[in-house]
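Chemist: What follows is a predicted protein model with its sequence.
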Amino acid sequence: MRLALLTHEPFYPPSGGGSAEAVYLVKELVNRGHEVHLFCPDFPDRKQIAARFGIRIHPFTRWKMGRYTRFRSLKYLAYPGALRKLVLRASRDFQFDALFSQHAISAVAAGKLKSDLNIPVVMNFLDYLTGFMESWPRWVMPRVVLNRLMRFELNLPSRYDANAVLTVSTELARRFIENGYPESRIQTIHYGYDSTLFRPTLPSSPLSPTIVMHGSFDTHHLGPIATEAITRIAQAKPETHFLFIGKETAALKNLTERVRRTVRSANIQCTGFVDYNSIASGLGQAHVGIIPYESSVGTHCAFVAKMVEYTAVGLPVVSTPLAGVKAYFENEPSVRFSGFDGEQFAEDVLNALENPPSEEDTQRLAKRVATELDWKVVCREAVNRLESVGDGR
C-alpha cells in the first residue's frame, strides 16, 4: 500500500508518551513493503531521518508544533485543517491507498480526508486527549466547553465512519462502543515499549531510597495527590531521593515549590529532557516507580507508558487506580494500586520501599510485558488490522 500516516507530533526523536510508537510503527510498515508518506510537524535532520527509515516525509512548517510549544492548545485546534490541506496537496502527485492517523488531533484531518480522497481510514487512539482536561482548573477549561470537546472526540470514529479504530486500552474501547461505534471495527492494541532498551535491572545504590517518575509532567500528572504524597514521604523518610526524568515543566516546578514549603530539604531532582533511548538507565537508579495521576476520564482511559516501562526494568510500581492499566496489571504482586488520596499513596510507596516484592515477581512481570507489549508485538497487531482494511476485509 501507499499509506498516508498523519500525526500532530514531530516524528524524531520521540519525546515520550505516544510519540515513541510512531517510530516502531513506521519500521513495521516499511519492513512489510509498504510505501509510507509521513505527514507531521517539521523537525531537525528531517531529510536524513527520512532516508534512514526509508520513508517520504511531508513536513508541516506553518507554525511550530510540539508538546512543549507555546499556545499548544490553540495550535492543536488549528492543526487538523492545515494538515488536511497538506495531504490534499500531496495527493495531486501521489495516489494513496489508505490513511492512518495517530491520536485524536490527526484523526480529525483523516476523517475529513476519507471523503475528500474516497479511501479507507484507520484511527489509532493512544489516549482520550480531551478527557485529561477534567483535572484542569475550571477557570482554565470551563466545563461547558470541555463537555463539548469530549463528546466531539468520542464521536470522531462514528462521525467520519472510520473503517477501523485501534485503542490503547479496553476502557477507551468500551467508551467508543457505548457511544455507538461498531464493536466489530474496534481493536485494543495497548501501548508498547522497546525490550532492547528497557531491560530488568537492580538499583545501583540500594542504601539510598530513590523514587522515580518520568514523562511529560503535564498538569494532570502532578496534582494534589502527587504533592501531598511526596511531602509526606519526604517527612517520613528524609533521605529519600525523588528523581523526575523529563523536561522541567511549570507543573513540576509548582510541585517542587509546594513540597519545599513544608519540607525545605526535600531532595527533588529533575534531569531535564532525556532521549527515549536513555530513559531506562535513569529508571535503573530507582527503587519504586510512581504514577500519582488525578482521576479523570483521560487518565482512566490511558494505558500509561510509565507503567509498562517501570515493570519492564523490574521496578515495583505504586499507581492510583486507573482503569486502563488496572485491567491489565491488577493481579501483579509488584504493582500496587493505591487510592486517589495523597496520604494513602504515600503510605503505599513507603511500604513498597520497606517491603519490596520478590525478585521472582518483578522478573516474571518483566517477561510478561516483553512477550505481550514489545513494540514489535503491538505494531504487528496494528499493521495487521490496517492491511485487513486495505484489503477490504
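Modeler: Received it, and whenever you're ready, just let me know what you need.

Chemist: so the residue lying closest to residue 179 once chain neighbours are set aside is in which element?
Modeler: With Cβ to Cβ, 6 or more residues apart in numbering as the criterion, residue 179 has its nearest non-adjacent residue at 5.0 Å, and that residue is residue 154. (Glycine included, C-beta is placed from N, CA and C.) Element membership for residue 154, per DSSP states H and E: helix 143-159.

Chemist: now swap in residue 282 and tell me
Modeler: Going by DSSP H and E, residue 282 is part of helix 279-283.

Chemist: Tell me the buried residues in that helix?
Modeler: For helix 279-283, the neighbour count (16 or more other Cβ atoms under 10 Å) marks 279-280, 282-283 as buried.

Chemist: Please apply the same query to stretch 357-366.
Modeler: So, applying 16+ other Cβ under 10 Å, buried residues of stretch 357-366: 357, 361-362, 365-366.

Chemist: Equivalent analysis for stretch 209-229, please.
Modeler: By 16+ other Cβ under 10 Å, the buried positions in stretch 209-229 come out as 209-223, 225-229.

Chemist: With just CA atoms, put that stretch into CSV.
Modeler: What follows is stretch 209-229 as a C-alpha-only set of coordinates in CSV (Å, rounded to 0.1, in the frame of the first residue of the first chain):
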residue,chain,number,x,y,z
PRO,A,209,15.9,5.1,48.5
THR,A,210,15.0,6.6,45.2
ILE,A,211,11.5,7.2,43.9
VAL,A,212,11.3,7.8,40.1
MET,A,213,8.7,9.3,37.8
HIS,A,214,9.3,10.1,34.1
GLY,A,215,7.2,11.6,31.4
SER,A,216,6.0,15.0,30.1
PHE,A,217,4.9,16.2,33.6
ASP,A,218,1.6,17.9,32.5
THR,A,219,-1.0,19.3,34.8
HIS,A,220,-2.9,16.0,35.1
HIS,A,221,0.3,14.2,36.1
LEU,A,222,1.2,16.3,39.1
GLY,A,223,-1.8,17.5,41.0
PRO,A,224,-2.7,17.5,44.7
ILE,A,225,-2.2,13.7,45.1
ALA,A,226,1.4,13.9,44.0
THR,A,227,2.1,17.0,46.1
GLU,A,228,0.7,15.5,49.3
ALA,A,229,2.3,12.1,48.7
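
Chemist: From residue 200, how far out is residue 367?
Modeler: Distance, residue 367 to residue 200, using Cβ to Cβ, to the nearest Å: 8 Å.

Chemist: Contact partners for residue 92?
Modeler: Residues counted as contacts of residue 92 (Cβ atoms under 8 Å, 6 or more residues apart in numbering): none.

Chemist: the more surrounded of residue 367 and residue 200?
Modeler: Comparing residue 367 with residue 200 by other Cβ atoms under 10 Å, the one with more neighbours is residue 200, at 17 against 13.

Chemist: Give the full set of residues in contact with the more buried one.
Modeler: When contacts are counted by Cβ under 8 Å, 6+ apart, residue 200 is found next to 312-314, 362-363, 366.

Chemist: repeat for residue 267
Modeler: Contacts of residue 267 by Cβ under 8 Å, 6+ apart are 234, 239-242.

Chemist: so what does the longest strand along the chain touch, helix or strand wise?
Modeler: Looking across the chain with DSSP state E, the single longest strand is strand 35-41. In terms of contacts (3 or more Cβ pairs under 8 Å, 6 or more residues apart in numbering; DSSP states H and E), strand 35-41 is packed against strand 2-6, helix 19-31, strand 56-60, helix 72-90.

Chemist: Need the contact partners of the following helix or strand past the last one.
Modeler: The reference is to helix 72-90. Remark: after helix 72-90, the chain's next helix or strand is strand 98-102, criterion DSSP H and E. The contact list for strand 98-102 (Cβ under 8 Å, 6+ apart) reads 1, 3-9, 18, 21-22, 25, 87, 107, 109-110, 113-114, 117, 119-124, 126, 386, 389-390.

Chemist: where exactly do the strands run in the stretch 101-250 of the chain?
Modeler: Secondary structure of the stretch 101-250 of the chain (DSSP state E, counting those that start in this stretch): strands located at 121-125, 164-167, 186-188, 210-214, 241-245.

Chemist: out of those, which comes closest to residue 336?
Modeler: Closest to residue 336 of the strands of the stretch 101-250 of the chain is strand 210-214 (Cβ to Cβ; 13.0 Å).

Chemist: Quick check: mean pLDDT of that closest one?
Modeler: What strand 210-214 shows for mean pLDDT is 94.

Chemist: same check, this time on stretch 249-265
Modeler: Averaging pLDDT along stretch 249-265 gives 93.

Chemist: List of residues touching it?
Modeler: With contact meaning Cβ under 8 Å, 6+ apart, stretch 249-265 is reached by 68, 216-219, 221-222, 226-227, 230-231, 234-235, 238, 244, 246, 266, 268, 270.

Chemist: looking at it, residue 312 is touching residue 368, isn't it?
Modeler: No - if you go by Cβ atoms under 8 Å, residue 312 and residue 368 don't touch, sitting 9.8 Å apart.

Chemist: Tell me which of those two has more neighbours.
Modeler: Per other Cβ under 10 Å, whichever of residue 312 and residue 368 has more neighbours is residue 312, with 27 against 15.

Chemist: who touches that one in this structure?
Modeler: Neighbour list for residue 312: 193, 195, 198-200, 280, 366, 369-370, 373 [criterion: Cβ under 8 Å, 6+ apart].

Chemist: quick one: contacts for residue 134?
Modeler: 146, 220, 296-298.

Chemist: What of residue 163?
Modeler: 120-122, 185, 389.

Chemist: picking that back up, just the angle between the helix holding residue 154 and strand 98-102, please?
Modeler: 150 degrees (axes from the mean of the first three to the mean of the last three Cα atoms, to 10 degrees).

Chemist: Report the distance from helix 143-159 to the chain centre.
Modeler: Its chain's C-alpha centre and that of helix 143-159 lie 20 Å apart, by Cα atoms, centre = their mean, to the nearest Å.

Chemist: Let me see the mean pLDDT of it.
Modeler: Here the average pLDDT along helix 143-159 is 91.

Chemist: Setting aside sequence neighbours, what's the nearest residue to residue 327?
Modeler: Among residues not flanking residue 327 along the chain, residue 170 sits closest, at 5.5 Å (Cβ to Cβ, 6+ apart).
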